[in-house]
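Asker: sharing a model that was predicted from the sequence below.
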Amino acid sequence: MKVVIVGGVAGGATAAARIRRLDENAEIVVFERSGYISYANCGLPYYIGDMITDSEALTLQTPESFWRRFRVEMKVRHEVTAIHRDRKVVSVQELDTGREFEESYDKLILSPGARPTKPKLPGAGIQKLFTLRTVEDTFRIKEYIEKNHPGSAVLAGGGFIGLELAENLRELGMEVTIVQRPRQLMNPFDPDMASFIHAQMRKAGVRLALGHTVEGFEERDGGVDVLLKEEAPLHGDMVIVAIGVTPDTQLAKEAGLKLGIRDSIVVDDGMRTSDPDIYAVGDAVQVRHAVTGQDALISLAGPANKQGRIAADNICGGASRYQGSQGSSIIKVFEMTAAVTGINETNARKAGLQVDKVILSPMSHAGYYPGGRLMTMKVVFERETFRLLGAQIIGFEGVDKRIDVLASAIHGGMTAIELKDLDLAYAPPYSSAKDPVNMAGFMVENIAKGLVKQFHVEDVEKIPRDKSVTLLDVRTAEEYAKGHVEGFYNIPVDELRDRLKELEPGKRVYLICQSGLRSYIAARILEENGYEACHLAGGFRFYDAVMNDRGLIDSAAPCGMDQG
């Protein structure tokens with residue numbers, strides 16, 4: 001059996017190694033357009049910022065090392081230009097010499113990945129405009145910085161690459177501005193949770209121009225003007241475009257393979273394309289979202305590796321199946337960590353799901369053990385069934401641990417209530433006896449049993465400010481004096497039982513505290529005494545972060561940007 005693989009990196013290289021482990025006699029040839037067959041794509045921004053100083057550390061395998069271990073022919077700087085399905089051959093061009101030849105196959109794996117999305121805008125081809133996707137891109141950016149010592153950069157795009165680049169360029173001492181049309185960074189997160197990411201970026205000195213449309217680029221004064229719609233331009237010594245990626249599927253399209261959303265390659269759960277002898281893996285393929293069941297594009301290294309392994313298994317006579325992508329991901333945001341899994345509230349509603357959520361602010365470990373820090377967790381679930389749909393966590397240490405537990409729970413089909421039953425490891429330096437994941441489960445259980453009613457940040461402005469309801473802040477007087485929601489008056493929770501006569505019977509009571517815990521306790525006190533009560537999910541801390549962020553975005557002018 002002869003297997004030809006188009007593209008290396010995560011999916012293609014994984015498939016090649018797996019095929020060899022399953023079939024010692026298979027002939028395996030990999031054609032890679034770039035000069036690197038397998039590299040740490042996710043580590044590229046950290047090389048630019050000198051967090052990784054050895055360029056060779058980025059290349060996980062070389063053609064020589066792959067041959068020594070796996071006897072796989074890895075041909076770099078070779079581009080497959082056409083697939084001739086009727087003859088089962090591919091046309092190949094050797095890029096360094098221009099030589100063209102054909103290569104036959106019994107099975108073909110397409111792992112072309114995705115290319116940076118380049119806007120078709122005036123000035124998009126100027127030399128001081130960069131993208132970051134390959135090792136070669138990384139070296140170009142690194143060389144430009146070392147040679148020209150730019151003092152400022154404008155990043156168009158606020159996804160994973162944009163944020164990682166922003167951090168690393170700031171570490172080099174550069175002034176950094178992120179501009180994009182969406183009003184939030186990191187679309188996998190809901191806007192309310194993204195407010196914590198925005199605050200951290202501003203704290204680190206990154207300027208944010210959110211909600212602004214880029215209309216072109218012009219060279220000026222040795223740098224680049226980023227032209228904005230109806231706003232003054234942004235100027236930087238260099239510009240990096242990181243507005244996302246597009247499946248690189250021209251080869252599949254010309255071969256007549258079935259394509260899906262954004263021209264991605266349609267595959268079945270065995271990673272077969274519409275041609276049974278051609279498989280496809282990685283960022284170029286359309287997958288099923290594991291939570292919604294809908295078609296999706298999810299460009300992450302983990303799924304690509306799994307898909308490469310599954311394609312290899314099936315080529316070698318196995319019956320492996322890809323169960324869909326959940327979108328679990330994590331990112332370092334300076335000293336903070338942000339992580340997500342499953343589907344967020346915004347996309348769940350777009351998918352037509354009836355959803356609810358809990359928001360909590362637990363410590364990373366036991367409060368009495370030194371060094372614990374707050375994290376913010378948002379857990380999204382289906383309203384009637386309590387099926388666990390997704391989670392977002394932003395904080396410091398311990399975020400990665402909790403998001404992986406929640407990802408496993410979603411994969412296992414658990415309900416949000418069942419999180420309370422998970423038997424998780426505990427010692428004071430690492431967690432609490434009631435882990436944050438357990439706490440989320442307890443909160444959902446209380447909702448399911450009717451023990452607590454919630455209102456949310458988006459509901460605050462809709463609450464009547466008249467005598468038909470009672471608005472109560474149950475924090476301490478000192479906390480209340482530092483800031484509170486207009487219309488809410490103060491009775492600390494520990495005084496509430498003694499001051500119940502101050503509350504008029506028959507009126508619904510809306511409760512606020514700092515994080516949601518004391519207001520929950522106050523709600524139970526009131527409910528047990530005959531009042532109808534509900535409390536603000538996430539508390540004043542969450543409300544204040546979201547509202548401050550919205551204000552900064554609304555008031556920011558591109559010439560100065562919002563730095564908080």
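Answerer: Looks like it came in fine.

Asker: I figured V6 hits S111, correct?
Answerer: Yes: taking contact to mean CB atoms under 8 Å, the distance of 6.3 Å between V6 and S111 places them in contact. No exception for glycine: its C-beta is placed from N, CA and C like everyone else's.

Asker: shared neighbours, those two?
Answerer: The contact sets of V6 and S111 overlap at G12 (CB atoms under 8 Å, 6 or more residues apart in numbering).

Asker: and stretch 435-450, C-alpha only, in CSV?
Answerer: Coordinates of the C-alpha atoms in stretch 435-450 are reproduced here as CSV (Å, rounded to 0.1, in the frame of the first residue of the first chain):
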residue,chain,number,x,y,z
ASP,A,435,-13.9,22.3,44.4
PRO,A,436,-15.1,25.2,42.2
VAL,A,437,-16.4,22.6,39.7
ASN,A,438,-18.4,21.0,42.6
MET,A,439,-19.7,24.5,43.6
ALA,A,440,-21.0,25.1,40.1
GLY,A,441,-22.9,21.8,40.4
PHE,A,442,-24.4,22.8,43.8
MET,A,443,-25.5,26.2,42.3
VAL,A,444,-27.3,24.5,39.4
GLU,A,445,-28.9,22.0,41.7
ASN,A,446,-30.3,24.9,43.8
ILE,A,447,-31.8,26.4,40.6
ALA,A,448,-33.3,23.0,39.6
LYS,A,449,-34.9,22.6,43.1
GLY,A,450,-36.2,26.2,43.1
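
Asker: run the chain-centre distance for it.
Answerer: Between the mean C-alpha point of stretch 435-450 and the mean C-alpha point of its chain there is a distance of 25 Å (CA atoms, centre = their mean, to the nearest Å).

Asker: over to stretch 415-429?
Answerer: In this view, stretch 415-429 has its centroid 24 Å away from the chain centroid, taken as CA atoms, centre = their mean.

Asker: show the end-to-end separation of that stretch, please.
Answerer: Between the opening and closing residues of stretch 415-429 lies a distance of 28 Å (CA to CA, to the nearest Å).

Asker: low-confidence ranges, the stretch 301-450 of the chain, go.
Answerer: Using pLDDT under 70 as the threshold, the predicted model of the stretch 301-450 of the chain has no low-confidence range.

Asker: please redo it, this time with the cut-off set to 90
Answerer: With pLDDT under 90 as the threshold, the stretch 301-450 of the chain has low-confidence stretches at 301-302, 367-368.

Asker: tell me the buried residues in the top helix by length along the chain?
Answerer: Taking residue count as the measure and DSSP state H as the definition, the longest helix of the chain comes out as helix 539-555. By neighbour count, and taking 16 or more other CB atoms under 10 Å as the criterion, the buried residues in helix 539-555 are 539-547, 549-550, 552-553.

Asker: would you reformat these as CSV and include distance to V239?
Answerer: As requested, the buried residues of helix 539-555 are arranged in CSV below (distance: CB to CB, whole Å):
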residue, distance to V239
G539, 40
F540, 39
R541, 36
F542, 35
Y543, 36
D544, 34
A545, 30
V546, 30
M547, 32
D549, 25
R550, 27
L552, 23
I553, 22
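
Asker: ok, so of those residues, who is nearest Y480?
Answerer: Proximity of these to Y480 (CB to CB) peaks at F540, which lies at 9.1 Å.

Asker: what pLDDT does the closest one get?
Answerer: According to the per-residue confidence, F540 scores 97 in pLDDT.

Asker: could you list every residue that touches it?
Answerer: F540 makes contacts with 473, 475, 479, 483-485, 512-514, as judged by CB under 8 Å, 6+ apart.

Asker: for L165, helix, strand, or coil?
Answerer: Remark: L165 carries the secondary structure label helix [criterion: DSSP: H, G, I helix; E, B strand; the rest coil].

Asker: look up how far H535 lies from it.
Answerer: Counting by CB to CB, to the nearest Å, the separation of L165 from H535 is 40 Å.

Asker: got it, and A545?
Answerer: The span separating A545 from H535 equals 17 Å under the rule CB to CB.

Asker: contacting residues around M443?
Answerer: The contact partners of M443, by CB under 8 Å, 6+ apart, come to 358, 360, 452.

Asker: contact partners for the spatially most central residue of the chain?
Answerer: For the chain, the residue lying nearest the average C-alpha position, counting by CA atoms, centre = their mean, turns out to be P188 (4.7 Å). For P188, the contact set (CB under 8 Å, 6+ apart) comprises 327, 329, 340, 344, 392.

Asker: what strand or helix carries it?
Answerer: Assessed by DSSP states H and E, P188 sits outside every helix and strand.
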